Every structure is written in structure tokens, then in C-alpha cells.
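Student: quick one, structure for this:
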Amino acid sequence: MSTRYEVTQWRKRLERKGWKNAKRFPATHSDWIEYHAVWQGQIWSGRCRLSDCDMLDWWQLGTHVYLIKWLFEVEEAVWRRTQNQVAGQVVRRLQRPSRKLGAAEGDTYEQGGPNCRAE
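Tutor: Alright, predicted model coming up:
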């Protein structure tokens, strides 16, 4: 498990690469975005257009809107606009920065994300 300091450094590295801090710069609703959020000791990554998500997603744990807009109990979150218009979500274990972060055994992938319409 990574420390709070390591997670903050991870977010800052992504910000230097052009990602926006979700707590300082709210994600847009109408544009396609991709995001990373640290929640419950895991990195949740996804791609969606928030305007396609249902209003109930604000209250449902692990949905795109919950992780990138509501930010309840989310340690860190970053987002950026994307041209790729394929919705989806990936969950990875949070690893120390010294280990390569990539797809690992036990990761889950969900095409379309929870309660989100992929167009």
C-alpha cells in the first residue's frame, strides 16, 4: 500500500504531464474525459462523457460521476480531455512507485462503466 505522500507525488507527476487536479478543476460534463482516481486503496481509471451518466450515479459507489465529480472519500483524482470516445473503466491495485504500474492479475475491466451509456 502506498502512503499519502506517494499518492500526492503520483498526482503531481500527472499534473506536470497536463492532467488536471479534479479537486481544483472540476471535470467538464459535455466533453469526453479520461481520469484516474485513488479510492479505497485502488486506482480507478476510466473514460466517459459525464453527461451520458445517470443522475443516480452521483450516489452509487464506484461510478464515473462518483469518482470524478462527487469525490467523496477519493484521496486524489486527475482528469484530461480525450478524443477517444469509448467508455470504460479499469481498477488496479495501488502499488509503490518503484514497481511498474500496469495491468496485473486480479484487475477488473468493465466496458461501458457502471450505469453509463456508451455511444
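
Student: which ones are touching the residue most central in space within the chain?
Tutor: By C-alpha atoms, centre = their mean, the chain has its centre lying nearest to His36, at 2.9 Å. His36 sits next to 14, 19, 43-45, 77-79 when contact means C-beta atoms under 8 Å, 6 or more residues apart in numbering. Yep, even glycine has a C-beta here, placed from its N, CA and C like the rest.

Student: okay, those residues in a markdown table with pLDDT, secondary structure and distance to His29 next?
Tutor: Shown next, in a markdown table, are these (pLDDT from 0 to 100; DSSP: H, G, I helix; E, B strand; the rest coil; distance: C-beta to C-beta, whole Å):
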| residue | pLDDT | secondary structure | distance to His29 |
| --- | --- | --- | --- |
| Leu14 | 96 | helix | 21 |
| Trp19 | 97 | coil | 18 |
| Ile43 | 93 | strand | 23 |
| Trp44 | 94 | strand | 19 |
| Ser45 | 94 | strand | 19 |
| Ala77 | 96 | strand | 16 |
| Val78 | 97 | strand | 17 |
| Trp79 | 97 | strand | 12 |
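
Student: those into JSON lines, with extra columns for neighbour count?
Tutor: Formatted as JSON lines, the contacts of His36 follow (neighbours: other C-beta atoms under 10 Å):
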{"residue": "Leu14", "neighbour count": "17"}
{"residue": "Trp19", "neighbour count": "19"}
{"residue": "Ile43", "neighbour count": "21"}
{"residue": "Trp44", "neighbour count": "22"}
{"residue": "Ser45", "neighbour count": "16"}
{"residue": "Ala77", "neighbour count": "22"}
{"residue": "Val78", "neighbour count": "25"}
{"residue": "Trp79", "neighbour count": "26"}
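
Student: flag the shaky bits of the protein, pLDDT-wise.
Tutor: Within the chain, the stretches with pLDDT under 70 are 1, 95-119.

Student: follow-up on the earlier one: now do the strand or helix carrying the residue nearest to the centre of the chain: distance to the chain's middle.
Tutor: For His36, the host element (DSSP states H and E) is strand 32-39. Centroid displacement of strand 32-39 relative to its chain, using C-alpha atoms, centre = their mean, to the nearest Å, is 2 Å.
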